[in-house]
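Enquirer: I need the structure of the sequence given here:
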Amino acid sequence: MKRFALMGAAGYIAPRHMKAIKETGNDLIAAFDPNDSVGIMDSYFPEARFFTEFERFDRHVDKKSREGTPLDYISICSPNYLHDAHCRYVLRSGATPICEKPLVLNPWNIDGLEEIEKDTGNRIYSILQLRHHPAILALKKKVAENPEKIHDLDLTYITSRGRWYHVSWKGDASKSGGVATNIGVHFFDMLGFIFGGLKENVVHQRTDETAAGYLEFERARVRWFLSVSSEYLPDSVKGKQTTYRSIAMDGEEIEFSGGFTDLHTESYRAIIAGQGYGLADVRPSIEIVSRINHMDISQIKGEQHPFIQR
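Expert: Next up, the predicted model:
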């Protein structure tokens, strides 16, 4: 049984990590979050210590180490802009970090983490959950069987958010990385995982609620559209659901809407077995989103996603 702690226990994604720790047969020793809305812990680890102050959490982690019962892993579910700092803290504490996406906001942050990995002799793992999705693995296999073919894809992801979103850290691009990073980075990772290295990156739209553009990989041309606005939901789902996911390859829809809830558990199993994804795996998708967030918008290069006209 591995001993875990969790940073960011009050966040949206934290319950999936608690569930993964539980389902892999391990124990949560301590958790930290400045906010105390963490009643969900009762469903998984009611005996875990909880701290709202980082200094007290740090003292507890250090105490466990000095008592001879150090933590094996610390899971990081804090706001995006704190991930790299929290990864450094975990490495220095002697534990192994398991960090939510995006691992960092810019590729140069990865350079710094590589240095501290060398200094500590430990490794940082990231949650790249779509790499474990059965439909995505099947698609990767299908593409690999015909490596000369260049595929045409439309990637569409709309996840409606209310007014609170723009008040929270998620609506602050300096803290979340903006729409492309906050809700899109795992899709960009998936595209590189399946279709190879990136050849071209064009941005057609970038606002507080929406991002869209064109990506060309070794084996795919991709029109992509991301939004947190319900205005872009297709008429077929409006009033019925608040989220819409679609990947269409060569005119054929790829069904991958189900199976998301167990992917964190699969990620944890791989990490504990020493087969998780590290910094080198993360870098390509971070380079994509960083470029999207900093490059000039173009209306003439690359094919535009149909939803832009909406």
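Enquirer: The nearest residue to Gly8 once chain neighbours are set aside: neighbour count?
Expert: In this structure, Gly8 finds its nearest non-sequential neighbour in Cys77, 3.4 Å apart by Cβ to Cβ, 6 or more residues apart in numbering. In short, each C-beta sits where N, CA and C put it, glycine included. Cys77 has 25 neighbours, counted by other Cβ atoms under 10 Å.
Enquirer: so what's Cys77 up against?
Expert: Leu6, Met7, Gly8, Ala9, Gly11, Ile13, Ala14, His17, Glu100 (Cβ atoms under 8 Å, 6 or more residues apart in numbering).
Enquirer: Mind doing that once more with 7 Å?
Expert: Applying Cβ atoms under 7 Å, 6 or more residues apart in numbering to Cys77 gives the contacts Leu6, Met7, Gly8, Gly11, Ile13, Ala14, His17, Glu100.
Enquirer: okay, now the fourth one: neighbour count?
Expert: Same thing as Gly11. Considering only other Cβ under 10 Å, Gly11 is surrounded by 18 other residues.
Enquirer: quick one: which of the contacts of Cys77 has the most company?
Expert: Busiest of those [other Cβ under 10 Å] is Leu6, holding 30 neighbours.
Enquirer: That one: what secondary structure?
Expert: strand (DSSP: H, G, I helix; E, B strand; the rest coil).
Enquirer: which residue packs closest to it, ignoring adjacent ones?
Expert: Per Cβ to Cβ, 6+ apart, closest to Leu6 is Ala31, 4.4 Å.
Enquirer: hmm, back to that, distance check, the residue nearest to Gly8 against Met7.
Expert: 7 Å (Cβ to Cβ, to the nearest Å).
Enquirer: And for Phe193?
Expert: Taken as Cβ to Cβ, the span from Phe193 to Met7 is 27 Å.
Enquirer: if we can go back for a sec, quick one: which of the contacts of Cys77 is nearest Ile40?
Expert: For those, the minimum distance to Ile40 (Cβ to Cβ) is 7.4 Å, reached by Ala14.
Enquirer: my read: Gly278 touches Ile127, true?
Expert: No: counting by Cβ atoms under 7 Å, Gly278 does not reach Ile127; the two are 11.8 Å apart.
Enquirer: More neighbours: those two, which one.
Expert: Ile127 (28 against 17).
Enquirer: Report how many residues lie close to the residue nearest to Leu6.
Expert: Residues near Ala31, counting by other Cβ under 10 Å, number 26.
Enquirer: can you give me the strands for the stretch 51-200 of the chain?
Expert: Counting by DSSP state E, counting those that start in this stretch, the stretch 51-200 of the chain has strands at residues 73-76, 96-99, 125-126, 151-159, 198-206.
Enquirer: right, and these - which one's nearest Lys140?
Expert: So among the strands of the stretch 51-200 of the chain, strand 151-159 is nearest, using Cβ to Cβ, at 11.9 Å.
Enquirer: Pull up the pairing partners for the closest one, direction included.
Expert: Strand 151-159 pairs in its sheet with strand 220-227 (parallel), strand 243-249 (antiparallel), by DSSP bridges.
Enquirer: Least reliable of these by average pLDDT, please.
Expert: Lowest mean pLDDT within the strands paired with strand 151-159: strand 243-249, at a mean of 93.
Enquirer: And for it, what's in contact with it?
Expert: Everything outside strand 243-249 that qualifies as a contact, by Cβ under 7 Å, 6+ apart, is 151, 153-160, 233-234, 237, 253-254, 256-257.
Enquirer: one more time with 10 Å
Expert: 135-136, 139, 142-143, 151-160, 187, 190-191, 194-195, 220, 222-225, 227, 230, 232-234, 236-238, 253-257, 260, 307 (Cβ atoms under 10 Å, 6 or more residues apart in numbering).
Enquirer: just the buried members of those?
Expert: 136, 139, 143, 151, 153-160, 187, 190-191, 194-195, 220, 222-225, 227, 230, 232-233, 254, 256, 307 (16 or more other Cβ atoms under 10 Å).
Enquirer: circling back to that earlier point, between which two of the contacts of Cys77 is the distance greatest?
Expert: Met7 and Ile13 (11.9 Å).
Enquirer: shared neighbours, those two?
Expert: Joint contacts of Met7 and Ile13 (Cβ under 10 Å, 6+ apart) are Ser75, Cys77, Glu100.
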